[in-house]
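> here is my input, please return the structure:
(one chain, ligands or ions: 1)
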Amino acid sequence: MQMIDTIRTLTNFIGGAWRPSVSGHFEDVPNPATGAVIACVPFSTGDEVDAAVQAAAHAYPAWRDRPVVERARVMFSYRELLERHFEELATIVTKENGKTIDDARGEVRRGIEVVEFACGMPTLMMGSVLEDVSRGIDSEFTRYPLGVVAGICPFNFPVMIPLWMMPIAIAAGNTFVLKPSERTPQGGARLAELLHDAGLPAGVINVVNGGKDVVDGLLEHADVKAVSFVGSQPVAAYVYKTAAAHGKRVQALGGAKNHIIVMPDADMDKTVAGIMSSAFGAAGERCLAGSVVLAVGDVADELVNRLVAAANDVIVGDGLDSATAMGPVIRPSHRERIEGYVEKGKQEGARVLCGGSRPGGGGYFLKPTIFDGVTPEMTIAKEEIFGPVLGVIRTKTLDDAIAIANRSRFGNASSIFTRSGPAARQYRRQIEAGMIGINVGVAAPMAFFPFSGWKNSFYGDLHATGRDGVEFYTEKKVITSRWA
Ligand code: NAD
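Purely as a prediction, here's the structure:
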């Protein structure tokens, strides 16, 4: 068993065994709350990618032929193992990603819910039959797994996002190659190890560490049948095009710029709490983070004052400390990029009401930052910042607010806070985003629904999780039979 805490140099999991990489390229993985190096990740070679895919291809026929109830039983065991290792997994997430331990626990819980969903694979994979489609002729469709599938993950949910993919793909009968984020590689490694321990034959789950070269190796490999990707928009677009050009099925979930509309009749306590958790939870490093508030009518002054007061009270620090409300961002370079957006916001005429600076300490911390006087044309209103920065745009009407939100090239998530049924109804019908919250700040779908981003937040046809996930990892066969 690989003890993550004592391992300095991560290895690849290929064919049921941990194998040191022969690559000469390694990078440090620091704890973003302290800067201390906690692991070292290899950037694996093309041969190592090939070995992982070959191990998965070799394991595929026997795994596909295992009855679906047996495959589902592995997921029941996996669920028990994940529960037993719940705190360990949450601690890994906090140490390598920086989010607070409570937030990390929420992430692990959300991941386990996908495993619970995958336990229902015997029902989820059912086909259907229609007798006598013509005289004496019957038709049925059945579902089959695809073969080897690859999962490529971002840094911000090191446990939840691999769990969006692996349980559904594997319970459906596929074999899997996971490429965790090189910035948070330990969560995926531990998940794969526990999944193997839950009763998988060697080669059904494999992990190959690295960056772009490993991704390219998977996208171009003839034996990879499908690719699930979650990450930034430009890379999502690249993965979608490249995987499709190599004949693969692909789902690529990209970046976001999420708008929160606040109506004058909103419950102010709940609205402020909802926006604070949406904008500053996980230091804004969530694809569902609220990034722009559209304050409608005369709600703006009170809303802004209360948000600034709440932001000034946020305790920034190490996520393992129970007093901490917001942890660091992932890397010094990412902090500088966020600070670049703060400068740009100032240059373009928005006013910083709080934050915009570093609170001190050894980690990659930033204070929660709120801009007022933002206009839809400003860079900070349009681009994904992926940090603890919230912009407020003042609008006259709900129509204006919806029109501004819909101008975004992203369409991942959005929320409205209101007591008005008609306003909520107009919003849910007209807003161009795939995951929307009504009096909910982070509109995260549960495992049995699709994670359904729109526009440039998603490239593909079938989303992650829910029935879309089952459809993505299976293909259908329609059988027409006549017995005279
Ligand atoms: P990223 O795009 O930098 O990296 C994601 C993965 O792609 C990593 O495994 C990385 O190794 C690989 N990669 C990076 N550059 C590559 C390249 N040029 N070619 C091929 N592969 C490459 O994303 P990140 O910074 O790790 O994650 C944050 C981003 O992910 C944000 O934009 C966020 O909105 C997005 N995200 C989206 C969702 C969603 O559901 N839509 C969920 C979580 C995160």
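> wasn't Met446 part of a strand?
No: Met446: not assigned to a strand; according to DSSP: H, G, I helix; E, B strand; the rest coil it is coil.
> that one against Ile112, yeah?
No: Met446 is beyond contact range of Ile112, at 11.7 Å (criterion: Cβ atoms under 8 Å). Placement of C-beta: from N, CA and C, glycine included.
> neighbour count winner among those two?
Shown here are Met446 and Ile112; by other Cβ atoms under 10 Å, Ile112 has more neighbours (21 against 12).
> for that one, give me phi and psi.
phi -60, psi -30 (degrees, to the nearest 10).
> that one and Asp468, how far apart?
20 Å (Cβ to Cβ, to the nearest Å).
> go on, Val149?
Distance from Val149 to Asp468, counting by Cβ to Cβ: 14 Å.
> who's in contact with Asp451?
No Asp there; residue 451 is Phe. By Cβ atoms under 8 Å, 6 or more residues apart in numbering, Phe451 lies in contact with 164, 253, 435, 445, 463-466.
> out of the residues you listed, who's nearest the ligand?
Nearest to the ligand, judged by Cβ to the nearest ligand atom, of the contacts of Phe451 is Leu253 at 3.5 Å.
> contacts for the helix or strand Ala150 falls within, please.
Assigned by DSSP states H and E, Ala150 belongs to strand 148-152. Applying Cβ under 8 Å, 6+ apart, the contact partners of strand 148-152 are 53, 56-57, 60, 162, 165-166, 169, 174-179, 215, 218, 223-231, 239, 473.
> one more pass at 6 Å, please.
When contacts are defined by Cβ atoms under 6 Å, 6 or more residues apart in numbering, strand 148-152 is touched by residues 53, 56-57, 165, 169, 174-179, 215, 218, 223-229.
> drop anything exposed from those residues.
When the contacts of strand 148-152 are checked for burial by 16 or more other Cβ atoms under 10 Å, the buried set is 53, 56-57, 165, 169, 174-179, 215, 218, 224-229.
> domains in this protein, by residue range?
Listed by automatic domain parsing, the domain ranges of the chain are 8-254+457-482, 258-438.
> not counting sequence-adjacent ones, nearest residue to the closest residue to the ligand within the stretch 51-200 of the chain?
Evaluated by Cβ to the nearest ligand atom, the stretch 51-200 of the chain has Pro154 as its residue closest to the ligand, separated by 3.0 Å. Among residues not flanking Pro154 along the chain, Gly231 sits closest, at 4.3 Å (Cβ to Cβ, 6 or more residues apart in numbering).
> and the residue in the stretch 351-484 of the chain positioned nearest to the ligand, how many neighbours does it have?
Ranking the residues of the stretch 351-484 of the chain by distance to the ligand (Cβ to the nearest ligand atom) places Gly453 first, at 4.8 Å. Neighbour count of Gly453, defined by other Cβ under 10 Å: 28.
> who are the contact partners of it?
Going by Cβ under 6 Å, 6+ apart, Gly453 touches 253, 412, 434.
> tell me which ones among those also neighbour the ligand, please.
253, 412 (Cβ under 6 Å from any ligand atom).
> okay, how far is it across stretch 93-108, tip to tip?
The first residue of stretch 93-108 is 9 Å away from its last residue (Cα to Cα, to the nearest Å).
> which residues does it contact?
By Cβ under 6 Å, 6+ apart, the list of residues contacting stretch 93-108 from outside reads 31-33, 38, 86, 89-90, 157-160, 184, 186-187, 282, 319-320, 324, 327-328.
> how far off centre is the helix ranked longest in the chain?
For the chain, the longest helix by residue count, based on DSSP state H, is helix 46-65. Relative to the chain's own centre, helix 46-65 is displaced by 25 Å; criterion: Cα atoms, centre = their mean, to the nearest Å.
> what about it and the ligand, touching?
No: for helix 46-65, no contact with the ligand is found by Cβ under 6 Å from any ligand atom; the gap never falls below 12.5 Å.
> buried residues in that helix?
48-49, 51-57, 59-60, 63-64.
> with stretch 206-219 instead?
By 16+ other Cβ under 10 Å, the buried positions in stretch 206-219 come out as 206-211, 214-219.
> any idea of the pLDDT on Val440?
In this model, Val440 is scored at 98, pLDDT.
> one more: the one 5 residues further on?
Model confidence at Pro445, expressed as pLDDT, equals 97.
> SS state for Gly391?
strand.
> from Ile260, how far out is it?
Counting by Cβ to Cβ, the gap from Gly391 to Ile260 is 11 Å.
> next one: Phe13
Between Phe13 and Ile260 the computed distance is 40 Å (Cβ to Cβ).
> before we move on, the earlier item: got the CA coordinates for the longest helix of the chain in PDB?
What follows is helix 46-65, C-alpha atoms only, in PDB (Å, rounded to 0.1, in the frame of the first residue of the first chain):
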ATOM      1  CA  GLY A  46       5.100   8.300 -23.800                       C
ATOM      2  CA  ASP A  47       6.100   4.700 -23.000                       C
ATOM      3  CA  GLU A  48       4.500   4.900 -19.600                       C
ATOM      4  CA  VAL A  49       1.300   6.300 -21.100                       C
ATOM      5  CA  ASP A  50       1.300   3.400 -23.500                       C
ATOM      6  CA  ALA A  51       1.900   0.900 -20.700                       C
ATOM      7  CA  ALA A  52      -1.100   2.200 -18.800                       C
ATOM      8  CA  VAL A  53      -3.300   2.100 -21.800                       C
ATOM      9  CA  GLN A  54      -2.100  -1.400 -22.700                       C
ATOM     10  CA  ALA A  55      -2.700  -2.600 -19.100                       C
ATOM     11  CA  ALA A  56      -6.300  -1.200 -19.400                       C
ATOM     12  CA  ALA A  57      -6.800  -2.800 -22.800                       C
ATOM     13  CA  HIS A  58      -5.500  -6.100 -21.600                       C
ATOM     14  CA  ALA A  59      -7.900  -6.100 -18.600                       C
ATOM     15  CA  TYR A  60     -10.900  -5.000 -20.600                       C
ATOM     16  CA  PRO A  61     -12.300  -8.200 -22.100                       C
ATOM     17  CA  ALA A  62     -12.500 -10.000 -18.700                       C
ATOM     18  CA  TRP A  63     -13.900  -7.000 -16.900                       C
ATOM     19  CA  ARG A  64     -16.500  -6.300 -19.600                       C
ATOM     20  CA  ASP A  65     -17.600 -10.000 -19.300                       C
END
